[in-house]
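Novice: Quick one, fold the following:
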Amino acid sequence: MPNLQDLNLSKNKLAAFPEHLGLGKLQVLDVSDNHMRSFLSLAQFQELEQVNIQDNPYTAADREQLTFLLPRLKSVDGETIQDSHRQYLKRVFGTSLEEKVEGLWEAQFKKLFRMSQSAGVQRLLQDQFIQTAKQKIQAGPASMEQLRDWRIETIASKLVAEQDLNTVKGEASMSSKRSHNDSSTNGASSDAVAPSKKPRNVTSNDDVTSAADNVSNDKTVRTRNARVQIEILPKTLGTTLAKKVMRKPATKRGSSSLTLYSKDSTADYEPSHILQCHSFKNNRDDMKTMVWKCVFEPDPDNTEKSTSIVATCGGESVCLLDCRTGKIVQKFSQPREDFFCVAWMTIPLDGKSEKMTNILVVGGKRGKIYLIHPQQNIWYAEHEAHRRDICSMVVYPDQPSWMYTGSYDKTIRLWDISPPKLPNYECRIRKLAEWSPPSIPLHMLLFPDRNLLLAACRSGCFSFMLNHKEDDWKKTYTTEFTFPKVEKCTEDGEEVETEFMDNMTLISSEVIASKLVGHGCIYLWNLPPTLKRCAKIKVKGPRSLKVQPVAQLEWSKTFLDYIYFKMWPGYDVLVCGDDVGNTWMYDVSKFLTRKWPEDTPVPPAQKLLWPDCTWNGTRLSKESDDDEVSTVVSSSSSMSEMKLPSVNDVAISSSGDYIVGVTDCNLVFVWRKNKPV
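Specialist: Have a look, this model is predicted:
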């Protein structure tokens, strides 16, 4: 095989090409009539001279990328690459573009990178560098904009890497946004897998997982040696609430006066379980796989309530955890995937039955959506939804079979997912519409009565009209919602303005909670009066509107992105994690119909500190309550460098009995509400 020179893989339904094949002498390659949307993986064949990529869903810019990737390439789809054309591309998108990007780097950003010591600031600077370059630097015709952007990202990433800073690549996949990103997929390549339409039974894991005996659940290994001991030490509980009591300013560093709200729904919680359930290949030492999202299962008979089951996703697996017992009741795995988002759909099983059932929808790095029916323990469908990572999804309230997905390809798409037909679980997934936000859509909210879609993006908050029946699918945004600017938002005093909105959720039918990276707060704002002011603006094209928050909830000053918050509709408590293992709880009941702004920032009603616990004999805890960043007490030098985990996402049950959080170090934790004495 290493000496293979001619390879024909046409008509194989390939969505991507395997990497590291070791075919260093390959000269002729035919991948025509497949489902490939990117050809970056062909860079491994540096001796390639002829390639056939016909009948694949690619763009002209994708095709031109091959000129830069393959120096010996002579023909594409049987057409000879003219020397003049090659020289033109290399001049416009090569040397000339490199000089322009490097000039911008030297003039505006290099000094800032050298001065900065914060990884969060470095990420923001790198994103700003790439976005500024795309806005200011022109190269080639408009039809080659995608090629220009790709080359700018490549050149910019190289310049940043030369500074020897531990930054991540701008506009890369979600898994590369944290410091140990490469381990989230453990070096797995995005090998091509033909979409399977046949139902696949997935073995559930029924091993009991408790706080005292935590199991890294995996269907391939069930020995005691694979178990990971996590012990919760009896120390840290949440801050106790007092009714109508003002806490006096404390003497400890970083403390401030807090107004504590009297509400039963924010009663004390205690940690009940910590699990390590997303380990790569059941590796008991895996503390690097990131778990991204968690969401409680709705009760199929009453969707206003939740069950005790919560779905978590991260790495190659999706887990279903029963909060009552601490058991992983089911686990589904997809090799070479990295799951970023998960959502529940409550639909009739066969489209006719009055009996409703829950379908789990997950998406991730490979741009596919996967459908799981947990009740029957079956993974029954997958569909290529986007060219790049899927990072957000939401169900349309008025039509439970409609799913909106947001992706790193900068599109929002609406899918009609038909209920599976028994007994073979036949399912049809059809695209109904598409929108084009100006940057990556990380979260979406739907307002059917206003015909409105709201998207939280890397460059701000944007609204779109939900005209599903229009033939023109590629709709652009109609309004941009702007928030207060942050001028001096770094620890070392550097001035960096950020509009990176990574999360938002509904507090009520009118009030929205939004979080922007680096702002140190969660904004609450009222949609109807904002839209009313927007209607008075008479301009053609997209409008820009300044949001007037009704309240600002105090939160961490961290610049770490992709930290999400949630609340269950009808239970007026908002929960959010942070970068040092804490869970913040806010009583938002008085803001449900608020129209006038709160004068002072609103503190959390309660903060659940990361519990003292041991992992394989190593203690994970704060040295003191004042510490923002802590170490792990261990004799191992590698372990001593570990810090408290970042809580990527938090979910609360409809009754408030359970709070579940997922972290960037392969841990899932459960807090249980204390029972009244």
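
Novice: For the nearest residue to Thr476 once chain neighbours are set aside, give its distance to Met1.
Specialist: With C-beta to C-beta, 6 or more residues apart in numbering as the measure, Ser436 is the residue that lies nearest to Thr476, at 5.6 Å, once sequence neighbours are left out. (Each C-beta comes from the backbone N, C-alpha and C, glycine too.) Ser436 sits 42 Å away from Met1 when distances are taken as C-beta to C-beta, to the nearest Å.

Novice: So for these two, which residue has more residues nearby?
Specialist: More crowded of Ser436 and Met1, by other C-beta atoms under 10 Å: Ser436, with 15 against 9.

Novice: Per-residue pLDDT of that one, please?
Specialist: pLDDT for Ser436: 88.

Novice: list the contacts for it?
Specialist: Residues counted as contacts of Ser436 (C-beta atoms under 8 Å, 6 or more residues apart in numbering) are 410-412, 474-476.

Novice: make it 7 Å
Specialist: Contact analysis of Ser436 by C-beta atoms under 7 Å, 6 or more residues apart in numbering lists 410-411, 474-476.

Novice: Out of these, the closest to Ile563 would be?
Specialist: Looking at the contacts of Ser436 and their distance to Ile563, the nearest is Lys410, at 21.9 Å (C-beta to C-beta).

Novice: Wait, the closest one touches Trp435, no?
Specialist: No: under the criterion of C-beta atoms under 7 Å, Lys410 lies out of contact with Trp435, with a separation of 9.8 Å.

Novice: neighbour-wise, which of these two wins?
Specialist: Trp435 (25 against 19).

Novice: out of everything not next to it in sequence, what's closest to that one?
Specialist: With C-beta to C-beta, 6+ apart as the measure, Ile412 is the residue that lies nearest to Trp435, at 4.3 Å, once sequence neighbours are left out.

Novice: Tell me where this protein is predicted with low confidence.
Specialist: Within the chain, the segments meeting pLDDT under 70 span 116-121, 142-143, 164-267, 351-353, 468-474, 486-498, 535-541, 593-596, 614-643, 676-677.

Novice: Go through it and flag its longest strand.
Specialist: For the chain, the strand reaching the highest residue count under DSSP state E is reported as strand 302-314.

Novice: can you pull the buried residues of that one?
Specialist: Buried residues in strand 302-314, defined by neighbour count with 16 or more other C-beta atoms under 10 Å: 306-314.

Novice: Show me what Leu360 bridges to in the sheet.
Specialist: Applying DSSP bridges to Leu360 gives these bridge partners: Trp344, Ile372.

Novice: Ser333: neighbouring residues, count only.
Specialist: For Ser333, the count of nearby residues is 19 (other C-beta under 10 Å).

Novice: so it bridges to which residues?
Specialist: Legend: beta-bridge partners of Ser333 under DSSP bridges are Ser317.

Novice: is it true that it touches Ser317?
Specialist: Yes: in terms of C-beta under 7 Å, Ser333 counts as a neighbour of Ser317; the distance is 4.6 Å.

Novice: mind checking how far the residue nearest to Thr476 is from Ala385?
Specialist: Where Ala385 is concerned, Ser436 sits at a distance of 15 Å (C-beta to C-beta).

Novice: same deal with Asn282?
Specialist: Asn282 is 29 Å from Ala385, by C-beta to C-beta.

Novice: The two: which is more packed in?
Specialist: Ala385 (22 against 17).

Novice: and Ile359, what does it touch?
Specialist: Residues touching Ile359, when contacts are defined by C-beta under 7 Å, 6+ apart, comprise 345, 347, 371-373.

Novice: What about those, which one has the most neighbours?
Specialist: Neighbour counts for the contacts of Ile359, by other C-beta under 10 Å, peak at Ile372, which reaches 25 neighbours.

Novice: isn't that one right up against Lys331?
Specialist: No: Ile372 lies out of contact with Lys331 (C-beta under 7 Å); the separation is 10.8 Å.

Novice: Identify the contacts common to those two.
Specialist: When C-beta under 7 Å, 6+ apart defines a contact, no residue borders Ile372 and Lys331 alike.

Novice: For the residue lying closest to Val76 once chain neighbours are set aside, which three-state class applies?
Specialist: Once its chain neighbours are removed from consideration, Val76 has its nearest residue in Val51; the separation is 5.7 Å (C-beta to C-beta, 6+ apart). Under DSSP: H, G, I helix; E, B strand; the rest coil, Val51 falls in the strand class.
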